[in-house]
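S.K.: Fold the following.
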Amino acid sequence: MPAGFFAATETGNIQFTNDYSNFVLVGKGSVMLGAPWTYVSTTGGPFATITIPNYYGYPPLMVLNCAQPIFIRDAVTDANGNWVFGLAGAYLAAQGAVVEWFAFGPPHAGLPRLNYGFEIFKYNGEIAYSSAWKPLRIVGEISNQAGGSLQYNGPAGRKLGVAHVIDSFSQSDPIPAGTWRVVGNGSLHQVNGTQVTLSFAQIYDTIWGTRPPFPTAYNQPRAQHMVVDLTDY
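M.R.: Below is the predicted model:
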């Protein structure tokens, strides 16, 4: 067998190998949704921001837990090079709601290591796994696609969160004259106990401009989000 470490099932599917690194918890915290965000349509609700150091040159995977319907916008960089994620609630009633966030990414040099436990290294000496780090645990998905499910129900006693993968969107024009388009930028989800629900609704910006090169009326909502187990994280 080749040198290195790997774990495989009886059918030969590799579950872990020192060739790559699993995503692990690299940050967590909570924010409270505040005043309405003027950058979304009038149906948009309270907002907040999450700032994460730029560990990798690309944003980490963000997982959210909130009982209110919320969405997360794509990250932008601030003047210091940090990633900044925007959050918004679907309704003004979300003002004051607490959103717990958990950031996952490959191991980086700033993560703490213990003087005990189990570690795995790559061929080049880079650490790929440490028992001191909490791994990303994907347990399911929610989707509004044909054959998908808008709900995920986990077992009792677990804490769940949602990571956005594909967000829904909507585009239309014109009404009633001129040209315009609506561009969606976030699908709504909420977590109540061990039940995760995805909404068909989306938060969107209204952008005035020329008509895109597709039919006068176009609406193709699509959303597919991962459900993550956050118990004891």
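S.K.: what's the least confident helix or strand in this protein, going by average pLDDT?
M.R.: Lowest by mean pLDDT, DSSP states H and E among the helices and strands of the chain is strand 217-218, with a mean of 41.
S.K.: just checking, next helix/strand downstream of that strand?
M.R.: Scanning forward in sequence from strand 217-218 by DSSP states H and E, the next helix or strand is strand 224-229.
S.K.: List the contacts of that following strand.
M.R.: Outside strand 224-229, the residues that touch it by Cβ atoms under 8 Å, 6 or more residues apart in numbering are 63, 102, 104, 136-145, 148, 152, 154, 158-166, 187, 189, 196, 198. C-beta: built from backbone N, CA, C; applies to glycine.
S.K.: Of these, grab the buried ones for PyMOL.
M.R.: Buried subset of the contacts of strand 224-229, written as a PyMOL selection, criterion 16 or more other Cβ atoms under 10 Å:
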select buried, resi 63+102+104+136+140+141+142+143+144+152+154+159+160+161+162+163+164+187+189+196+198
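S.K.: The contacts of strand 224-229 in strands, which ones?
M.R.: In strands, judged by DSSP state E, the following of the contacts of strand 224-229 are found: 63, 102, 104, 138-143, 152, 160-166, 187, 189, 196, 198.
S.K.: Show me what the residue nearest the centre of the chain bridges to in the sheet.
M.R.: In the chain, the residue lying closest to the centroid (Cα atoms, centre = their mean) is Ala163, at 2.8 Å. Note on Ala163: beta-bridge partners Met226, judged by DSSP bridges.
S.K.: can you pull the contacts of Ala8?
M.R.: With contacts defined as Cβ under 8 Å, 6+ apart, Ala8 is in contact with Ile14, Gln15.
S.K.: Show me the shaky parts of this structure.
M.R.: 1-3, 36-46, 168-186, 200-221 (pLDDT under 70).
S.K.: Output stretch 101-115 as PDB, nothing but the C-alphas.
M.R.: Taking C-alpha atoms only, stretch 101-115 is exported to PDB below (Å, rounded to 0.1, in the frame of the first residue of the first chain):
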ATOM      1  CA  TRP A 101     -22.800  31.900  13.500                       C
ATOM      2  CA  PHE A 102     -20.100  29.200  13.100                       C
ATOM      3  CA  ALA A 103     -17.200  29.600  10.500                       C
ATOM      4  CA  PHE A 104     -15.600  26.400   9.000                       C
ATOM      5  CA  GLY A 105     -12.500  26.100   6.900                       C
ATOM      6  CA  PRO A 106      -9.300  24.100   6.400                       C
ATOM      7  CA  PRO A 107      -6.900  24.100   9.400                       C
ATOM      8  CA  HIS A 108      -4.800  27.200   9.500                       C
ATOM      9  CA  ALA A 109      -1.700  28.100  11.600                       C
ATOM     10  CA  GLY A 110      -3.600  30.100  14.200                       C
ATOM     11  CA  LEU A 111      -5.700  27.200  15.400                       C
ATOM     12  CA  PRO A 112      -4.700  25.900  18.900                       C
ATOM     13  CA  ARG A 113      -3.100  22.500  19.300                       C
ATOM     14  CA  LEU A 114      -2.900  20.300  22.400                       C
ATOM     15  CA  ASN A 115       0.000  18.400  23.800                       C
END
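S.K.: going forward can the numbers begin at 39, since that is how I track them
M.R.: Got it, the first residue is 39 from now on, which makes the last one we talked about stretch 139-153.
S.K.: in it, what's buried?
M.R.: Trp139, Phe140, Ala141, Phe142, Gly143, Pro144, Pro145, Leu149.
S.K.: My understanding was that the fifth one contacts Pro98; is that so?
M.R.: It stands for Gly143. Yes. Gly143 lies in contact with Pro98 (Cβ atoms under 8 Å); the separation is 4.0 Å.
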